[in-house]
Every structure is written in C-alpha cells, then in structure tokens.
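In: what's the 3D shape of this:
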Amino acid sequence: MSLERNSRPKPGGTNQGGRRHQSGSPRQQRRNWSTEAKAGIVAEALMPGVNVSAIARAHGIAPQQVFAWRRRAVQEGTVPGNPESRENASPLQADANAPLSTSLTVLSLPVAAALFQALDEAGVRYGIVRNLATLPDALAGRDDVDLLVDKQDYPAFCAIVNRFHGLRGVSLSCHDNVCAGREDWFVPDFSCGGYLHLDTHIGVRVGWKFRKRYLAFDYSAITGWQRTSVNGVSVPVVSPEDEIRIAIARFAFRAWALPWRRWVAISGDWKDQLAKLPAVPGEQGVHVAECRFGRTGMVSCRIRQEGDGLAVDRRDLTRLRHSIRQMSGFTGSGGIADPAVHLVRKISYRAVSVLGRLMPRAVPAKRRLGSGGIVVALVGPDGLGKSTQVDRLTKLFRWKFGCAKAYLGTGEGTGWWLRKVLQRLVFRHRRQLKAAAVQSDNEAASQRRGAKQGILGAGLAVWGVLIAIERYAVVKRAHRWATRGLIVICDRWPQARRSGYLDGPMIPPKLSLVRGLAPLARLEQKLYQKMEEFRPHLTLHLVSDHAVSDSRKPGEISKEAFDARLSLMAELRALDKDIRVVDASSGIEAVNRELFRRIWLSL
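Out: Presented below is the predicted three-dimensional model:
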C-alpha cells in the first residue's frame, strides 16, 4: 500500500516574493516555488533528526507538500546534494517501490510497536485516518498520529495508554482543534528520550476551522481498513476511498472559489486515491466519490485532478454540507451562525497569538498538560552538563507543550541586564570575589584584611544583594509560569543553608559583622528565606566524580570545592527526601534520557 497521502492540507503561507497566497490552489503553489527552491526545502527535510512540519511552517507551505517533494526526490534518485544520477545511485535510492521510512532511515520509537500491539491484543477498534504521508515521522515522534477510536472501546484505549504512562493534553478554548470527541494524548519512550503525539478522535468532526461542530464520521462509518507495516510497526490505516471522502467532508466548509467558478480546489497529493474512485461516464478525467450520512441518503461528489490537488464540483459541495448539517441535527441558521462564530474565535485566537509574541509566557500556552505546570530544578557542581541538559529538555518538551527555561546562576546565562553590565565591568575580579566569600570564614584571613580586602568585601556585599534580588524575581517568575500551565526547567536553584556554595547567599557570616554591611547581609538573608517558600516541584541532583567535571571544564573548579558542593547536596537531600539523584557520569544522551524519564513521571 502506498503511503504517499496528504490528507490534511494547511492554510497558505507566504511565497518567495512575500505575498500571501491561497493554499487551496495547487497551480498557484507550483508557480510560487521554483525547482531551486523546492530542492533547498527537500535538502532541509532530508537532514537527520529534523521536524518536517517545522520546516514547512518556516517556509509557509503545507507539511504534506514537503513530504511529497521529499518522497519524489528519493524515488527519482535526485536527492539534493547528491551528485550521483539515478543510474549510479544506490539500489535503495533507485528502487521507486522502497518504503518511505526505509529510504529516509526514519526509525520508529519502540513504544509505538508496543502500544499498537497492546491495542490489538485488547481488541480495541481503531485506525489512522489522516496524515498517512507523515506516518513514518509520526511513529518516530516527529509528527502527529491521527487516530480514530471506536466510542465503545474508548475506556479500554485510555486504560492501555495510561499503562504506558500516557498523559492527556489541554488546548486553549479558542484553538481550532478544541471540539467534542477530540483529545491529545502523549506516550513517552524512555529508552529513546522522546514521545508520541496521538491526535485521538472519537469521531471525525467537520465544519469551519474554528467551528467544527458536525460529527461526520465515526469508526463504523469507515467502510474499509487496510493493515500496513511501517518500520516494524503494524497499524490499520483508512482505505484510499474513505480517505478522500473524509478529506472532502473536512474541507467542504472551508474550501472556496470565486462565485463564477464551478470547481473548488483542495490542495494535496491525491493521485493514488483518485485512481481508486470510479469514473463518471461521459466526463473525461472526472471521478465520483459517494458519501452516506445517516438517513439523509447518498451524496455524490464529482472530482477531478487539478495539478497535484483535487477540484470538487461546487454544487456537490453545497449538497454535501446540507447533508452533514441534517445528519447532525443542525438546520436553519447554520449557514450564517457558523461563519460568524468562526470569525469571532479566529480573531480571539489571533489576538492571543499576537499577545503571546509581544509578551512571551504572559498568556497560557497553546497546549499544556491536564495536570498543570511544573517547576523542575537541575542542581549540581560545575562541569556536569546542567546548562546543556536544560537546553535539550526545553527543546524536547517545547515540541508539543508550553515549556520555558530559567537561569539562576551568575555565569554566562541569561539574566538581569544591570547584573550583566556590572559582571562585565568586574569580570577580572570575579575569582577574587569568590575567594573572598570563602576566605572570610577563616579567622586568620579576617584579621589580615586590609584596605583592598575591605573594598572587595563591600563590593561582594552589594553584589550579593543584587544577585539575591535577581534570583528572587526569577524564582517567583518560574512559579508564575507554572501556574499558567508551563513546564519550567531551571538551571540551578538557590539554597540558604550555606554561604558561597551552590547558588546560596554570597555575603559571608563574618563579613556581615562589619559596620555598614550588616543591613545588606540582613536583606540578603531575608530574600533567601523568602525563596525557601518557593520550592521546585521536582529537584534533580546531578552527581559525579571530579574527574568528569575537570574533563569537561578543565580548571573550572578544584577538587576541594567540588567535594564541598557534593557534601552540601547530600545535606540538602537529607532534609528533603523528595530530591532525586541522577548519575551524570554517563554520556549526554544517557543522562538526558534519565532526566526525561524523571520529569515525565512527575508530570
């Protein structure tokens, strides 16, 4: 069975000249994209580990179009950047019948095979109804899996997904995908450090983009299912005939054309599906798709190929919309109410999107977890990869959830602009200030303090207060983001148990006895005590040997200081039994998978 299907076209984007174009016109899409532009996009899509949907959004075109171009390039042996011709290409490239997943070496997540096998063994009636062209990437955790589940088997489906530590997502009410009978489920794969996105439908609802209130198809309405295997994952997929029927019903309310035109265009690559439909006698190149909706009778839609997409007869689409409304029990003012509600919701959605761009994280995320947000803190000595892991985890969770990162250190990470400016001015004295924080606990060193040491002490006190104010603001901001449903991953977290270590107070106890600096010391202690009230929901301690830290950041931290930090971390774990320990001696990938597992199980 061919997987070259593009059943979910996206809205139009921007062409190379910067003008907006209508995504429903395949001819216009072909005019806007030259051969060189297509080759560049295909070259990006062929890079390992890329998100093809993100590439499509960046260029303003439908993801299915990118998949079609990529598939064609591999089949024809004209992969961009490959100087070999089709005759000299490898057998894998020369074989036009080779599966897409094999040609592009896209590996499915192991949890995909286990999940669908469990659904089959439990007798759950389900199938994949859309986005079949992106199925290899979807099973690899790089796109959505559009799943239709029989309503009677929905409880069994939820029980099986929960067994695999699946989580349910929540979308903004003004988002276009919020409708009855549709849910987002996410299933993790701890062995690979990724997750599947199951776009689950109890029934396929159609209508305007922001007004999908008509239930057009359920599981029993699909006349044919076909079994296919993608990278060892066996799944039932909808037949080509039913796939094209679903596509026409979905776009019956959204596709449009000029009033005097008979044919309404639907973009996508539909050559294989169209060939399976019966032809209309007497009309060359015209096929017919028959749809039955309840007791409203059969509706026949005349279809013809237009470029790479389809063109449907306008009168047939009108009858199809009327039949769908009648079957769903909606009559009368639907033709006026639906566009009006769609327009209001679309304006609301665009306003929220613009507000989110102008004020990042000031509004709830487009999609968030049903259990709410969470604050995660990664704590450990220098050189154990905290910043690297925070960046990787943020990118991983941000693919589908609202996710943000926060930095609470004093290094090169993001921070308050005033502190960054002062840090550049006194960067040469950074090590001296750190040394003053440690040496001030030594009585002999305190007695030898001269004028220079006094100036450094005063500077350290002011510096410590500025850092405390910044950390307090970041801590409060992280919890504020979490209340809006974000997953907040923090690089470091302040502690008030010991000065000078692990992002604790910077003013040493002996220095707080100096006249004029005592108020600053008390202010700093007060800020850190307030920070103790805002504890992370999950704290992960990265531990390892000093040799690992020194190999990654040579000379950054001495063994004595490294051991002192590990000792303080042990004290903190003794006080808080919920702190989890992760061995950072392994490679970056292994540590990332373990951190992902710990965070996911805490969501």
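In: mind checking how far stretch 152-166 is from the chain centre?
Out: What separates the centre of stretch 152-166 from the centre of its chain is 22 Å, taken as C-alpha atoms, centre = their mean, to the nearest Å.
In: how many neighbours does V129 have?
Out: 25 (other C-beta atoms under 10 Å). Yep, even glycine has a C-beta here, placed from its N, CA and C like the rest.
In: quick one, phi psi at it?
Out: Summarising the backbone geometry of V129 under the convention degrees, to the nearest 10, its torsions are phi -110, psi -20.
In: from L148, how far out is it?
Out: V129 sits at a distance of 5 Å from L148 (criterion: C-beta to C-beta, to the nearest Å).
In: report the separation between the nearest residue to L167 once chain neighbours are set aside and L396.
Out: The shortest distance from L167 to any residue that is not its chain neighbour, by C-beta to C-beta, 6 or more residues apart in numbering, is 5.0 Å, and that residue is F186. Distance, F186 to L396, by C-beta to C-beta: 12 Å.
In: surely N231 meets S108?
Out: Yes: between N231 and S108 there is a contact under C-beta atoms under 8 Å: 4.2 Å.
In: out of F186 and L396, which sits in the more crowded spot?
Out: Ranked by neighbour count (other C-beta under 10 Å), F186 and L396 place F186 first, with 23 against 20.
In: wait, the more buried one sits on G194?
Out: No: F186 lies out of contact with G194 (C-beta under 8 Å); the separation is 10.3 Å.
In: where's the residue sitting nearest the centre point of the chain relative to I246, distance?
Out: In the chain, the C-alpha closest to the average C-alpha coordinate belongs to W399, at a distance of 1.2 Å (C-alpha atoms, centre = their mean). W399 sits 26 Å away from I246 when distances are taken as C-beta to C-beta.
In: please apply the same query to E533.
Out: For E533, the distance to I246 (C-beta to C-beta) stands at 53 Å.
In: neighbour count: those two, which is higher?
Out: Between E533 and I246, counted using other C-beta under 10 Å, the more crowded position is I246 (23 against 9).
In: okay, now the unreliable bits of the stretch 351-500 of the chain?
Out: With pLDDT under 70 as the threshold, the stretch 351-500 of the chain has low-confidence stretches at 412-413, 415, 419-420, 422-457.
In: rerun that using 90 as the cut-off
Out: 351-372, 382-383, 385, 399, 402, 408-467, 484-485, 496-500 (pLDDT under 90).
In: in it, which spans are helices?
Out: With DSSP state H, counting those that start in this stretch, the ranges of helices along the stretch 351-500 of the chain come out as 386-398, 417-425, 430-439, 443-447, 451-483.
In: over to the stretch 151-300 of the chain?
Out: Taking DSSP H, counting those that start in this stretch as the criterion, the stretch 151-300 of the chain carries its helices at 154-163, 240-251, 271-275.
In: return the most buried member of these.
Out: Looking across the helices of the stretch 151-300 of the chain with neighbours counted as mean count of other C-beta atoms under 10 Å, the highest average goes to helix 240-251: a mean of 23.
In: not counting it itself, show me its contacts.
Out: Contact with helix 240-251 is made by 5, 7-9, 129-130, 132, 204, 206, 216-217, 222-224, 238, 266, 268, 270, 272-274, 276-277, 289-291, 301, 303, 310, 312, 317, 320, 324, as judged by C-beta atoms under 8 Å, 6 or more residues apart in numbering.
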